[in-house]
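**Q** Got a sequence here, can you build the structure:
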Amino acid sequence: MNYVIDIMLIAIGAALINNFIFYYFVGICPFIGVSRNVDMAFGMGCAVTFVMSIAAFVSWTITSLVLIPGAPISAYIGAFFMTAEAAQKIDLTILSYIIYIFVIASSVQFVEMYVRKFFPSLYKSFGVFLPLITTNCAILFACLTIMSHVSGVENPADAWDLGRALSLAFFGGVGFTIAIVVMAGIREELDLCDIPKPFRGAAITLVVGGILAFAFMGFTGVNSGLRKVLTFDEPAAQVEQNASAENRNLHSRIDETPAELIVGEKVLTLNARTSVR
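**A** Residues are numbered from 1 along each chain as shown. Below is the predicted model of the structure:
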């Protein structure tokens, strides 16, 4: 049950509470460049979500099996050249940036070939922004965040598994899609407005993006509230009420129990409420 709750909280956090664009301000380039049309923005969001999910799967696998200390593949290969104990300490996380960028570039190339073959009109509308997904820092940010929860934890039991990693990547892409589609809808309406000349273009887009970021701040604290609800924590008032009921029961038992008081050589049987002088 706790695992399902963790997955839900990661998903909601990545999509709304800690939105990659409005909270971390990553992926701003396609957010501004491809948000002129809702259809094009939705297509870009789906492409980023797909690439982010594939990159997260491959990067988690490489990180867990090769990069981190004690990874099975690096330890197995290192055992041919050093002792087994030294091989377990091999740390290749310094190569993470290079490997992640290579993984992202390969995923983008696959998406580009697919879109060009089956959706040529969408491919033409993307223009140069589709290959630029390779340099979309939101995807690299997701990979690095996953790595921090795999190799950057003190307790190995707290390390993320593949399910948590894919949840962050997929719903991070969903949050990116929500942000860019909302912005595209607003920009379509802005085309009909009389905007002052200094604010036309990217300027008004950044202003609207800042207002949307303030709006998404309203989701702050939702994750902690959901955790309390989903873990079925008993309300404090109910706990206090139960404690009061237990105290009343205890006092009633004391009142009904006779007590023996030894005075000199006499034994007096008293009720708990009886006073002795």
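**Q** ok, Val51 - how many residues close by?
**A** For Val51, the count of nearby residues is 28 (other Cβ atoms under 10 Å). Every residue, glycine included, has its C-beta placed from N, CA and C.
**Q** which non-adjacent residue is nearest it?
**A** Ser107 (4.6 Å; Cβ to Cβ, 6 or more residues apart in numbering).
**Q** any idea how far the one you found lies from Ile133?
**A** Separation of Ser107 from Ile133 (Cβ to Cβ, to the nearest Å): 8 Å.
**Q** Can you give me every residue that contacts the residue nearest to Val51?
**A** 50-51, 54-55, 58 (Cβ atoms under 8 Å, 6 or more residues apart in numbering).
**Q** Apply 10 Å and report the result again.
**A** By Cβ atoms under 10 Å, 6 or more residues apart in numbering, the contact set of Ser107 is 47, 50-58, 133-134, 139.
**Q** Narrow these to those in helices?
**A** The helices, defined by DSSP state H, take in 47, 50-58, 139 from the contacts of Ser107.
**Q** As TSV, those residues with pLDDT would be great.
**A** Listed next are the ones in helices among the contacts of Ser107 as TSV, based on pLDDT from 0 to 100:
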residue	pLDDT
Ala47	85
Phe50	87
Val51	89
Met52	91
Ser53	92
Ile54	90
Ala55	91
Ala56	93
Phe57	94
Val58	92
Ile139	91
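**Q** between those residues, which is closest to Ser125?
**A** Among these, Ala47 lies closest to Ser125 (Cβ to Cβ), at 11.7 Å.
**Q** excluding its backbone neighbours, what's nearest that closest one?
**A** Of all residues not flanking Ala47 in the chain, Val111 sits nearest, at 5.4 Å (Cβ to Cβ, 6+ apart).
**Q** Am I right that that neighbour sits in a helix?
**A** Yes - counting by DSSP: H, G, I helix; E, B strand; the rest coil, Val111 is part of a helix.
**Q** just to revisit the earlier point, now for Ser107 and Ile133: what residues contact both?
**A** When contacts are counted by Cβ under 10 Å, 6+ apart, Ser107 and Ile133 have 47, 50-52, 139 as shared neighbours.
**Q** out of those residues, which one sits closest to Ile17?
**A** Met52 (17.7 Å).
**Q** top of the ones in helices among the contacts of Ser107 by neighbour count?
**A** Ranking the ones in helices among the contacts of Ser107 using other Cβ under 10 Å puts Ile139 first, with 33 neighbours.
**Q** ok, it touching Gly27?
**A** Yes - if you go by Cβ atoms under 10 Å, Ile139 and Gly27 touch, sitting 7.9 Å apart.
**Q** list the residues that contact both of the two?
**A** Common contacts of Ile139 and Gly27, defined by Cβ under 10 Å, 6+ apart, comprise 20, 48, 52, 133, 172-173, 176.
**Q** so how far is Pro72 from Ser64?
**A** In terms of Cβ to Cβ, Ser64 sits 9 Å off from Pro72.
**Q** These two: who's more crowded?
**A** Ser64 (22 against 11).
**Q** For the more buried one, give its distance to Ala159.
**A** Distance from Ser64 to Ala159, by Cβ to Cβ: 8 Å.
**Q** helices or strands up against the top helix by length along the chain?
**A** Identified as the longest helix of the chain according to DSSP H is helix 162-190. The helices and strands touching helix 162-190, judged by 3 or more Cβ pairs under 10 Å, 6 or more residues apart in numbering; DSSP states H and E, are helix 2-12, helix 28-33, helix 38-62, helix 137-151, helix 202-216.
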